[in-house]
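Student: test case, fold it:
(one chain, ligands or ions: 1)
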Amino acid sequence: MKRLYFLLMLCLASLTASAQTEMTAAQQLIQRMQTLQKQGVMYGHQDDCFYGLTWEWDENRSETFDLVGDYPGVMGFDLGGIEMGDLKNLDSVPFNRIRQEAIRQYERGGIITFSWHPRNPLLGTTAWIESDIKDYEAARPYMDRVKACPKAMPDPKSTVRECLPGGVCYDKYMLWLSRVTLFLTTIRDSEGRPIPFIFRPYHENNGGWFWWGEGNCSKEEYRALWNMTQDYIRQYLPDNIVWSYSPNLYGMWTREHFMERYPGNDRCDLLGLDAYQWGTEEAFVSGVKADLKFLVPFAQENGLLFALTECGYKNSPDPTWWSRVLLKTIEGSPACYVLPWRNAKHEHFGASKDVSTADDFLMLKKSKGLLFAKDIAPSTKTKKKK
Ligand code: BMA
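Tutor: Got it, this is the predicted structure:
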């Protein structure tokens, strides 16, 4: 009997192991995040290891590490500018360093997420539509690098349409997609295998501030842009991307409205919410709670992970915001991570030893109210021997 039991266990173990090896890198990351989700909420931070409130561009430094002695569980990096062939991103971070730090984060057992704020391909201005009119003249040198800039400003609301097949920007946009894809293909481990990561393009699309936002393109155009981008990238990276669809804090989703731009279950793995406190605490808390009421069941019914893919309270004016507001608001939800935006000189969102929220944040680290890189790193026992 004992022998039979032993054989059965052996069979089960080898079945699980072969199922593991048959899973793609993206599926493994999804499974890992599903497990981690049950253990707690990971702390994420944008541009964590490039600069902080009081430093810039040091090597081997991290704003989060400086405070808690560990790296964020999730590190965010932005690819805005890669489409232009630039060497640095829109926030002056060299792409070579982004690659290096993303790989380091993976090697220490952390998770990586990339966002992308591509310039406006029709106007040459930034991803933010409000800058179009103001910046159109100033952007001419950028435009001229790609295509002669027409004198009269084209309609910003035709941008997405013009990127699609038959549009005046289609060829240019394919070039842009090839550049972003090329960069993503270089995110590999020491044995040359593509590293799994979360990719979160065309985010906050229910807002009107980006050229892909609601009001600046039709629902059909948005979905076509998402599909075209995803189909292009998947040709080269079919197995290692966890696709995140992340609308902005809204507070009044209906299923019908949400479905208009949702790309579909075969095209998304993670449902994210980008949620900042811009106004009062009450407005933030009630808005997030209302969104969770719709988004969490939707994620669960559709087998999607859920996370606050961007969040924060600009310049941390409230010492207990992390524990009292942010984590209380998402308590009981299956959020696997929260990712405050960058700590730049002119605005900061993440934790730092240099702001009044430091003690509250340290308490969360101590009590495991938030998870960091060491908390989530796969145990060394299960690591493959070299
Ligand atoms: C915004 C701001 C900008 C920045 C952009 C991309 O929210 O932080 O300063 O350029 O994100 O990181």
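Student: up against the ligand, what does the stretch 1-150 of the chain have?
Tutor: Counting by C-beta under 6 Å from any ligand atom, the stretch 1-150 of the chain comes close to the ligand at 78, 90-91, 117. Yep, even glycine has a C-beta here, placed from its N, CA and C like the rest.
Student: just the ones in helices from these, please.
Tutor: Nothing among those maps onto helices, per DSSP state H.
Student: of these - the most surrounded one?
Tutor: By neighbour count, taken as other C-beta atoms under 10 Å, the most surrounded of those turns out to be residue 78 (21 neighbours).
Student: among the residues of the stretch 1-150 of the chain next to the ligand, give me the pair with the biggest separation.
Tutor: Largest separation among those by C-beta to C-beta: 91 and 117, giving 9.3 Å.
Student: which residues do the two both contact?
Tutor: 78, 80 (C-beta atoms under 8 Å, 6 or more residues apart in numbering).
Student: what ranges do the strands span in the stretch 201-350 of the chain?
Tutor: 241-245, 270-277, 305-313, 335-340 (DSSP state E, counting those that start in this stretch).
Student: out of those, which is closest to residue 64?
Tutor: Using C-beta to C-beta, the nearest of the strands of the stretch 201-350 of the chain to residue 64 is strand 335-340, at 10.0 Å.
Student: and that closest one, what does it pack against?
Tutor: helix 25-39, strand 42-46, strand 74-78, strand 305-313 (3 or more C-beta pairs under 8 Å, 6 or more residues apart in numbering; DSSP states H and E).
Student: same list, the strands of the stretch 201-350 of the chain, but as JSON lines with mean neighbour count, distance to residue 33 and mean pLDDT please.
Tutor: Below are the strands of the stretch 201-350 of the chain laid out as JSON lines (neighbours: other C-beta atoms under 10 Å; distance: least, C-beta to C-beta, whole Å; pLDDT from 0 to 100):
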{"stretch": "strand 241-245", "mean neighbour count": "22", "distance to residue 33": "8", "mean pLDDT": "99"}
{"stretch": "strand 270-277", "mean neighbour count": "24", "distance to residue 33": "8", "mean pLDDT": "98"}
{"stretch": "strand 305-313", "mean neighbour count": "26", "distance to residue 33": "5", "mean pLDDT": "98"}
{"stretch": "strand 335-340", "mean neighbour count": "27", "distance to residue 33": "5", "mean pLDDT": "98"}
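Student: looking at those, which is nearest to the ligand?
Tutor: With respect to the ligand, and counting by C-beta to the nearest ligand atom, the nearest of the strands of the stretch 201-350 of the chain is strand 305-313 at 8.0 Å.
Student: tell me the strands beside the closest one, with direction?
Tutor: Applying DSSP bridges to the sheet, strand 305-313 is found paired with strand 270-277 (parallel), strand 335-340 (parallel).
Student: and that strand, how far from the chain's centre?
Tutor: 9 Å (C-alpha atoms, centre = their mean, to the nearest Å).
Student: hang on, the earlier thing: can you add distance to the ligand and give the strands paired with strand 305-313 back as a markdown table?
Tutor: Putting the strands paired with strand 305-313 into a markdown table (distance: least, C-beta to the nearest ligand atom, whole Å) gives the following:
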| stretch | distance to the ligand |
| --- | --- |
| strand 270-277 | 9 |
| strand 335-340 | 11 |
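Student: for residue 371, give its distance to residue 351.
Tutor: 14 Å (C-beta to C-beta, to the nearest Å).
Student: in terms of neighbours, single out the busier of these two.
Tutor: Between residue 371 and residue 351, residue 351 has the larger neighbour count (other C-beta under 10 Å), namely 30 against 22.
Student: pull the contacting residues for the more buried one.
Tutor: Applying C-beta under 8 Å, 6+ apart, the residues near residue 351 are 43, 45, 63-64, 67-68, 322, 340, 357-358, 361.
Student: which of these fall in helices?
Tutor: 63-64, 67-68, 358, 361.
Student: out of those residues, the closest to residue 74 would be?
Tutor: For the ones in helices among the contacts of residue 351, the nearest to residue 74 is residue 64 (10.6 Å; C-beta to C-beta).
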